[in-house]
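> Let's see this in three dimensions:
(2 chains)
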Amino acid sequence: MVDKYEQVLELAKRRGFLWNSFELYGGTAGFFDYGPLGAMLKRRVENIWRDIFVINEGYYEIEVPTIGIEDIFIASGHVGGFSDPLTECQKCHEAFRADHLVQDMEENPDTLSAEELTAVICKNDVKCPECGGKLGNAYEFNLMFKTSIGPGGKRMGYLRPETAQGMFVDFPRLLKFYRDHLPFGATQIGKAYRNEISPRQGVIRLREFTQAEAEIFIDPRDKTHPKFKDVSDVIMNLYSQEGQASGETKKIALGEAVKNGIIAHEFLAYCLAMTHKFLIRVGVSPEKMRFRQHMKDEMAHYAADCWDAEILSDRFGWVEVVGIADRTDFDLKAHAKQSQKELSVYVAYDSPKKVRKFVVKPDMGVLGPMFKGKAAKVANALKALKAQELSGDEIEVTVDGEKIRIDKNSVKFETITEEIHGENIIPHVIEPSFGIDRITYSLLEHSYFEEEAKEKIEDEEEESGELRIVLRLPSEVAPVQAAVLPLLSRDELIKPGTEIINKLRKVGILVAFDDSGTIGRRYRRNDEIGTPYSITVDYQTLEDATVTIRDRDTMKQVRAPIKDIENNVYDLIYRGKSFEDAGI
RNA sequence: GCACCGAUGGUCUAGUGGCUAUGACUUUAGCCUUCCAAGCUAAUAACUCGGGUUCAAAUCCCGAUCGGUGCACCA
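So this is what the prediction gives:
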């Protein structure tokens, strides 16, 4: 059976969008090349993402190495957690999740190491669930690609499994860059790597893929969004936790969803709105898009709320293409712990708070010579005492189990009133994370149409039986944006064509020239790769310096002057000018 | 990683132990052609890889790779 995936991939291969990588050497699963048109398409998708997140929201883009050092991934949990304990049957060689097999025997099997799991399997004499054979030792299969840094191979490095860590690691620098103010965000578009056990589903699961991620650092006490009112009326397909219980997707306005507590807060809802806007702008069909909330048990323990944007694919069903999560302070805390640095923001109060504070001031001039190496410990013990305990003539503290008496004159204490102007807080992180490859594939699939071409016979339109393949890509993402076609392959028609090409190129439009074969064939060729506008030079051009512009989707034509053609076409592609308005 | 199925020009495909491996579309060059894959002439281009059986293998056998499906894994 030929399904849409097959049709789209056949076209993508043939016309230079997507190719299996390393085909010359037989290919390798989980890797895809973007051909000339595919790379351009993907670039345009990325640039729309930049337009929304970087230019319009002000979350600047950074770029960090794709190789990360071990500390980063210890902190992120990828070294320990981004792997699964597997055990293989010695007889039928089936692989199983070791922790799943011992679920009934242990409290928290997912916390056990591979060795511990092996022990549990031996102790309980767990057999292969398939054939009853003996199970081998459990081992960790980590999904990160490992490499070594420098000669000697001693320093471990990993290809990053996500781009997010770059923003967390650069947090102190980013905080300074944004002049110590919350909220702020940084983004990154780049490659990530996961050594999938068995990648399937073509471009849906890759071992090397492109992510576009934003990490937005916000004040945990204020998860509102200043621009939320602009999007509160936006209606979206929400597949909430509740909805999933009954299998129901609801169309609901964002404002209402936040009010009803379906979406945790405004900031997250605003990110859903941005995602919605982005996906539609690049060419995903709105009716084939939904936002699915993570179930409680599916969500990471630290996450406050998490929504996936899912796109309906003909073969693969609902595919996750974006994850939008409130990750709270988990990541910053983890890196603070691993790096032993403080990762927090000083936030000033609206007005300073007066705080009464009891302070103990040991006289180190006396205590130092008296206790020598122990002096610091003694001083700390004194500082922990309350006013009452300090009021006697002699003060007693216990240091390392030893009772020590100290004269009251060696310790001063008082209650002071201090003005506090603010505090250090650990920001929460809102993380929208986009899978660019999946999105690029999805919009190809949603743009792909096969239709009977209409034929004009004596002004009556009739089905010609001819198949027309059209990629109805939004003109903004179409790799080739305009084609210049002389009606006939003759010098006098080619000449004005070159002039038009130069004009279009000056304003940054990618334009193709084609004079081989009949005009109809050339229109079809351009339909197939999604070129939105074809400009045809005919004999009338030589008389009045006008050309025809053909619209890919309707196949309609208008006449327009060569003068100013570049702005005319630019407005059609980027400024939403209507096709009728492009004609004279 | 396991099991089953498959792999022939760019794409789709015929084919069988035996001459030079079908055909269509595409592409390229030329002719023709005044707006939607028209026609004519020519050209380019393929048996996934490695090993085995055989006088002879694209065809049969084994292995690998890739692709599809199921299991497992995973977003």
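> Please count neighbours and contacts with C-alpha atoms only from this point.
Noted.
> got the residues of the stretch 401-550 of chain A near RNA strand B?
For the stretch 401-550 of chain A, the contact set with RNA strand B under Cα under 7 Å from any atom of the strand comprises A:453-456, A:466-469, A:487-490, A:516-525, A:528, A:536-540, A:547-548, A:550.
> Filter the residues you listed down to just the buried residues.
Buried by 16 or more other Cα atoms under 10 Å: A:453-454, A:468-469, A:487-488, A:519, A:522-525, A:528, A:536-538, A:547-548, A:550, out of those.
> Out of the residues you listed, list just those in helices.
A:519, A:522-525, A:528 (DSSP state H).
> Farthest pair within these?
A:519 and A:528 (14.4 Å; Cα to Cα).
> Which segments of chain A make up each domain?
Listed by automatic domain parsing, the domain ranges of chain A are A:4-82+A:143-329+A:430-436, A:83-142, A:351-422, A:466-582.
> Now render the ones you listed as a markdown table, adding mean pLDDT.
What follows is the domains of chain A, written out as a markdown table (pLDDT from 0 to 100):
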| stretch | mean pLDDT |
| --- | --- |
| domain A:4-82+A:143-329+A:430-436 | 91 |
| domain A:83-142 | 65 |
| domain A:351-422 | 74 |
| domain A:466-582 | 94 |
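> re earlier: from the ones in helices among the buried ones among the residues of the stretch 401-550 of chain A next to RNA strand B, pick the one nearest residue A:13.
Proximity of those to residue A:13 was ranked by Cα to Cα; the top entry is residue A:528 with 12.3 Å.
> show me what contacts that closest one?
Residue A:528 sits next to A:469-471 when contact means Cα atoms under 8 Å, 6 or more residues apart in numbering.
> Can you show me the helices along the stretch 1-150 of chain A?
A:4-14, A:36-50, A:70-76, A:78-81, A:98-101, A:114-123 (DSSP state H, counting those that start in this stretch).
> next one: the stretch 351-500 of chain A
Counting by DSSP H, counting those that start in this stretch, the helices of the stretch 351-500 of chain A are A:364-371, A:375-383, A:436-447, A:491-506.
> nearest to residue A:335, of those helices?
Smallest distance to residue A:335 across the helices of the stretch 351-500 of chain A (Cα to Cα): 26.9 Å, for helix A:436-447.
> what's the spacing between stretch A:174-189 and its chain's center?
Remark: stretch A:174-189 is offset 17 Å from the chain centroid, using Cα atoms, centre = their mean, to the nearest Å.
> I meant to write stretch A:432-443 there.
In terms of Cα atoms, centre = their mean, the centre of stretch A:432-443 is set 9 Å apart from its chain centre.
> what's next to that stretch, contact-wise?
Contact with stretch A:432-443 is made by A:41-42, A:45-46, A:203-204, A:209-215, A:271, A:279, A:282-285, A:311, A:313, A:321-325, A:473, as judged by Cα under 8 Å, 6+ apart.
> repeat that with 6 Å
A:204, A:210-214, A:283-284, A:321-324 (Cα atoms under 6 Å, 6 or more residues apart in numbering).
> So residue A:554 lies in a strand, does it not?
No. With DSSP: H, G, I helix; E, B strand; the rest coil as the criterion, residue A:554 is located in coil rather than a strand.
> between the helices of the stretch 1-150 of chain A, which gets nearest to RNA strand B?
Nearest to RNA strand B among the helices of the stretch 1-150 of chain A is helix A:4-14; the distance by Cα to the nearest atom of the strand comes to 4.3 Å.
> so does that closest one get close to RNA strand B?
Yes. Under the criterion of Cα under 7 Å from any atom of the strand, RNA strand B is reached by helix A:4-14 at A:10, A:13-14.
> Filter these down to the buried ones, PyMOL style.
Remark: buried members of those, expressed as a PyMOL selection using 16+ other Cα under 10 Å:
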select buried, chain A and resi 13
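> Show me which of the residues of helix A:4-14 next to RNA strand B is closest to residue A:68.
Among these, residue A:13 lies closest to residue A:68 (Cα to Cα), at 33.5 Å.
> How about the contacts made by the closest one?
So residue A:13 contacts residue A:19 (Cα under 6 Å, 6+ apart).
> Also residue A:41?
Going by Cα under 6 Å, 6+ apart, residue A:41 touches A:477, A:479.
> Could you measure from it over to residue A:544?
Distance from residue A:41 to residue A:544, counting by Cα to Cα, to the nearest Å: 36 Å.
> What is the burial count for residue A:534?
Using other Cα atoms under 10 Å, residue A:534 has 25 other residues around it.
> Can you tell me the SS state at it?
strand.
> Same question for residue A:573.
Quick answer, by three-state DSSP: residue A:573 is helix.
> What of the one 3 residues further on?
In terms of secondary structure, residue A:576 is coil; the call rests on three-state DSSP.
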